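Trainee: Sequence and computational prediction follow.
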Amino acid sequence: MRRKKCRHPANKFVADYLQEELTKLLGTPKENLQWVYKKALRSVLEHSEELTCVEDCLKLKGIGNYVGFRMQKLFVENNRRVDNRVTPGSNHTNSTLSGSACKS
């Protein structure tokens, strides 16, 4: 299966990460997690603006606390901003994200 191209080229590192995680899950009984990563990947590929931090990703449909938390390391490795408030059990409502300066 051929993957769609990112609408914004700067998001390729995020899409590559999600595809890698999805590939690791294929052939395992973790169907729900496969579905989560497929939905997250689709959102990243279709997003037309640059994702500059984990908080930007959390605003996309299909990316929740679990995937966002796992993506923090990815953003650090790619010299992007990371919000330490994102944890596996946290609630990333707009109030949590309001006032954040992702693009710094």
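Mentor: Nice, thanks for sending it over. Worth saying up front: this structure is predicted, and the values here are computed from it rather than measured.
Trainee: what about the longest helix in the chain?
Mentor: helix 31-46 (DSSP state H).
Trainee: neighbouring contacts of that one?
Mentor: 3-7, 11, 14-15, 18-19, 21-22, 25-26, 28, 51, 57, 60-64, 66-67 (Cβ atoms under 8 Å, 6 or more residues apart in numbering). C-beta here means a position set from N, CA and C on the backbone, and glycine is covered the same way.
Trainee: if you set the cut-off to 10 Å instead, what comes out?
Mentor: 3-8, 11-28, 30, 51, 57, 59-64, 66-68, 70-71 (Cβ atoms under 10 Å, 6 or more residues apart in numbering).
Trainee: For PyMOL, what selects the buried ones among those residues?
Mentor: Listed next is the PyMOL selection for buried residues among the contacts of helix 31-46, using 16 or more other Cβ atoms under 10 Å:
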select buried, resi 6+8+11+13+14+15+17+18+19+21+22+25+51+57+60+62+63+64+67+68+70+71
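Trainee: what's the neighbour count on the closest residue to Leu26 other than its chain neighbours?
Mentor: Spatial nearest neighbour of Leu26, excluding adjacent residues (Cβ to Cβ, 6 or more residues apart in numbering): Gln34 at 6.9 Å. Gln34 is flanked by 18 other residues according to other Cβ atoms under 10 Å.
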